[in-house]
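In: Sequence isn't available, so here's the structure alone:
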């Protein structure tokens, strides 16, 4: 049992169960199999009928029934239909062997086996390869009680998804009835052959047959002994109500009811009825009884035919309980369930759906047409047009109206149930109330739109402020430069210093505005990118040249190692130039003396630029926050260095936009090394 549970779990993900087991379809199959026992002339006809019935509920192009003879430890294949293997079905017996059929017989349980599992079983020596390999094989043991009488199997040589847990359950469900039918048919043929040999009087009998004079048995066939669990001698000269309980299920005394039926039959009224009998040992069983008046040797007699229908009654009870179980699931399911015809009339529904739509009962709901539940009839018809050709629709979201007119959103999994000619019989669906989900989505969209509007206003504000501040700043810096060029030589040191401070402050403010505008557009996701081919060598040389003027004014030495080989990249020039400049600015800003080394080299598919300084460095704790906006290790009014804390945050985003990488190594009091890796232009 544990192995079956594990097997079912293994196949659950592979074969998703889109539809629940339909009790009506399975009941119909079981009933048809039961009927086939009576309508089939022999076992071969029964096997063929079983195949036809199985084909109605699943694909069964490759189907066979193996009969198992436990005492001989042999099997035969009385029915075998296969599209790949040429094998004529016959009753010849073979040793059980070690194929998949034998595996099912040995283990006494069902097997769902794909090609991989088949290979594993072969590798472990549990089975051998027999016949052409299939993609999926499903075998079900046929049992009477605990005794295995055979195996019923289907297989597919091309598609491993043909059979899964759904088909396994369906085949297991009908297998008991198939086993009973085969077992019963075998018994019937055995009895028939026996009667043909020994008693021509009962050569056509498939059931227990009695001859009666008055209300007394005077003759019976062998089937009677089997059904009643006694010998012929123990039956003759006794009366039918002696093999009956005191009272029948309808409450009448068995003797009174039996005498009434016998009297009517003798009067020329054939009688056919169900009867509760008891065997000689007291075991009860149900039977179908027919009484007919006949004349033998000028003597009035009754012919009584008794058919044991205990198995059918048991199956009917099992089906009744199964239907009750599924009806209970249907009624108390936490989702709405319905069935409707093509005209929109609701055939059935559960209480959850009624409550979902504001109705007090299912009876009230089924008076409503589906066209009245949908927000509009056009929406209902459009829904049908969309999913009827495919036969199903998953996670479909539509709007329905409640009893009070309120509109709700629902999500539906639905499918069309069709007949053998692909004609739609009715629609079936599972309904989920997603009104809260839709309201949540609406709020998200609203908040997103508000955020987008806020970003737009912010971007507009920043652009306006940038223009309003940059314009006068550019004028201040420009005119300061003009004034300095005219009066620099003729003024004293204090005035010259003032010119320098004005220019430095203006440039610092422009740089701050540029950083704020850049980070805002980066965060909003609308930073303009223009990729083009250019030389990383030239960009780096130009940037180093501009920064070299600053290092000459202080005690810093800029060392560059730029190769002669042109390293071409496909990137945004502004992003890469800004990133390099910000790193160099930091190196100059945080270094009081020493060297700043800038190198460029090729490393596989990347151009790798390394900028190393001997400045103040950073603590390990601060390095965790390097790329956060407005992040600085030294904060407050007393901080030692200027800046907004946006440089590395912007640099990181610029490098990411160009599919590059940035790595920073730093030690407090020793210095910092920044490495930029930019993808090289791919050669075509």
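Out: That came in fine, so what should we check first? Please read these numbers as outputs of a predicted model, since none were measured by experiment.

In: in stretch 237-257, what's buried?
Out: 239-241, 243-244, 248, 254-255, 257 (16 or more other Cβ atoms under 10 Å). Quick note: C-beta positions are derived from backbone N, CA and C, even for glycine.

In: Mind checking which of those residues are in helices?
Out: 254-255, 257 (DSSP state H).

In: can you give me the strands in the stretch 1-150 of the chain?
Out: For the stretch 1-150 of the chain, the strands defined by DSSP state E, counting those that start in this stretch occupy 63-69, 74-81, 90-95, 111-114, 136-144, 147-156.

In: Remind me what the fourth one packs against, helices and strands.
Out: In this case it means strand 111-114. With contacts defined as 3 or more Cβ pairs under 8 Å, 6 or more residues apart in numbering; DSSP states H and E, strand 111-114 has these neighbours: helix 2-12, helix 100-107, strand 136-144.

In: Quick one, which of the strands of the stretch 1-150 of the chain gets closest to residue 292.
Out: The closest of these to residue 292 is strand 136-144. By Cβ to Cβ, the value is 32.0 Å.

In: Run me through the strand neighbours of the closest one, direction for each.
Out: Strand pairing for strand 136-144, using DSSP bridges, gives strand 111-114 (antiparallel), strand 147-156 (antiparallel).

In: any idea of the angle that strand forms with helix 100-107?
Out: 40 degrees (axes from the mean of the first three to the mean of the last three Cα atoms, to 10 degrees).

In: May I see the buried residues of strand 136-144?
Out: Residues 136-143 are the ones in strand 136-144 that count as buried (16+ other Cβ under 10 Å).

In: what's the offset of the longest helix along the chain from the middle of its chain?
Out: What stands out as the longest helix in the chain, according to DSSP H, is helix 435-487. A distance of 47 Å separates the centroid of the chain from that of helix 435-487, by Cα atoms, centre = their mean, to the nearest Å.

In: which helices and strands does the next helix or strand along the chain from it pack with?
Out: Downstream of helix 435-487, the first helix or strand assigned by DSSP states H and E is helix 493-524. The contact analysis (3+ Cβ pairs under 8 Å, 6+ apart) places helix 493-524 against helix 435-487, helix 647-657.

In: In JSON lines: the ones in helices among the buried residues of stretch 237-257, plus pLDDT and distance to residue 100.
Out: JSON lines is the format used below for those (pLDDT from 0 to 100; distance: Cβ to Cβ, whole Å):
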{"residue": "254", "pLDDT": "92", "distance to residue 100": "51"}
{"residue": "255", "pLDDT": "93", "distance to residue 100": "56"}
{"residue": "257", "pLDDT": "94", "distance to residue 100": "53"}
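
In: Residue 106: which of the residues you listed is nearest?
Out: For those, the nearest to residue 106 is residue 254 (47.0 Å; Cβ to Cβ).

In: Surely the closest one is in contact with residue 241?
Out: Yes. With contact defined as Cβ atoms under 8 Å, residue 254 and residue 241 form a contacting pair (4.6 Å).

In: Relative to residue 385, which of the ones in helices among the buried residues of stretch 237-257 is nearest.
Out: Among those, and counting by Cβ to Cβ, the member closest to residue 385 is residue 257, at 59.7 Å.

In: how far away is the residue nearest to that closest one when sequence neighbours are not counted from residue 258?
Out: Leaving aside its chain neighbours, residue 257 sits nearest to residue 248 (5.8 Å; criterion: Cβ to Cβ, 6 or more residues apart in numbering). As judged by Cβ to Cβ, to the nearest Å, residue 248 and residue 258 stand 9 Å apart.

In: Greatest separation within the buried residues of stretch 237-257: which pair is it?
Out: Farthest pair in the buried residues of stretch 237-257, by Cβ to Cβ: 239 and 248, 15.1 Å.

In: In CSV: the buried residues of strand 136-144, plus pLDDT and distance to residue 292.
Out: Listed next are those as CSV, based on pLDDT from 0 to 100; distance: Cβ to Cβ, whole Å:
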residue, pLDDT, distance to residue 292
136, 96, 52
137, 96, 50
138, 96, 46
139, 95, 45
140, 95, 41
141, 95, 41
142, 93, 36
143, 92, 37
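
In: Closest to residue 216 out of the residues you listed?
Out: Of the buried residues of strand 136-144, the one sitting nearest to residue 216 (Cβ to Cβ) turns out to be residue 143, at 40.0 Å.

In: For that closest one, which non-adjacent residue is closest in space?
Out: residue 179 (5.6 Å).

In: Retrieve the pLDDT associated with the one you found.
Out: The per-residue pLDDT reported for residue 179 equals 87.

In: For residue 225, what are phi and psi?
Out: Torsion angles at residue 225 (phi, psi; degrees, to the nearest 10) stand at phi -60, psi -40.

In: show me what contacts it?
Out: 231-232, 235 (Cβ atoms under 8 Å, 6 or more residues apart in numbering).

In: rerun that using 10 Å as the cut-off
Out: Contact partners of residue 225, counting by Cβ atoms under 10 Å, 6 or more residues apart in numbering, are 208, 231-235, 280.

In: wait, which of the strands of the stretch 1-150 of the chain is closest to residue 608?
Out: With Cβ to Cβ, the closest approach to residue 608 among the strands of the stretch 1-150 of the chain belongs to strand 111-114: 50.3 Å.

In: returning to that earlier point: can I get the buried residues of strand 136-144 in CSV with distance to residue 453?
Out: Shown next, in CSV, are these (distance: Cβ to Cβ, whole Å):
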residue, distance to residue 453
136, 56
137, 62
138, 60
139, 65
140, 64
141, 68
142, 71
143, 71
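
In: From residue 503, how far off is the residue of the chain positioned farthest from its centre?
Out: Residue farthest from the centre of the chain, counting by Cα atoms, centre = their mean, is residue 490 at 85.7 Å. Using Cβ to Cβ, we find residue 490 at a distance of 18 Å from residue 503.

In: and what of residue 528?
Out: Counting by Cβ to Cβ - residue 528 and residue 503 are separated by 29 Å.

In: So between the two, which is more surrounded?
Out: residue 503 (16 against 7; other Cβ atoms under 10 Å).

In: Isn't that one up against residue 485?
Out: No. Counting by Cβ atoms under 10 Å, residue 503 stays clear of residue 485, with 11.6 Å between them.

In: Let me see the domain layout of the chain.
Out: 2-193, 201-314, 333-433, 439-524, 531-679 (automatic domain parsing).

In: so can I have TSV of the contacts of residue 225 showing pLDDT?
Out: Below are the contacts of residue 225 laid out as TSV (pLDDT from 0 to 100):
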residue	pLDDT
208	88
231	89
232	86
233	90
234	91
235	88
280	90
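
In: Out of these, which sit inside strands?
Out: residue 208 (DSSP state E).

In: Is it possible to get JSON lines of the contacts of residue 225 that adds distance to residue 601 and neighbour count?
Out: Below are those laid out as JSON lines (distance: Cβ to Cβ, whole Å; neighbours: other Cβ atoms under 10 Å):
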{"residue": "208", "distance to residue 601": "101", "neighbour count": "25"}
{"residue": "231", "distance to residue 601": "106", "neighbour count": "11"}
{"residue": "232", "distance to residue 601": "107", "neighbour count": "14"}
{"residue": "233", "distance to residue 601": "110", "neighbour count": "8"}
{"residue": "234", "distance to residue 601": "107", "neighbour count": "13"}
{"residue": "235", "distance to residue 601": "107", "neighbour count": "21"}
{"residue": "280", "distance to residue 601": "103", "neighbour count": "14"}
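
In: quick one: which of the contacts of residue 225 is nearest to residue 92?
Out: residue 208 (32.9 Å).

In: So in terms of bridging, what pairs with the closest one?
Out: Beta-bridge pairing for residue 208 (DSSP bridges): residue 306.
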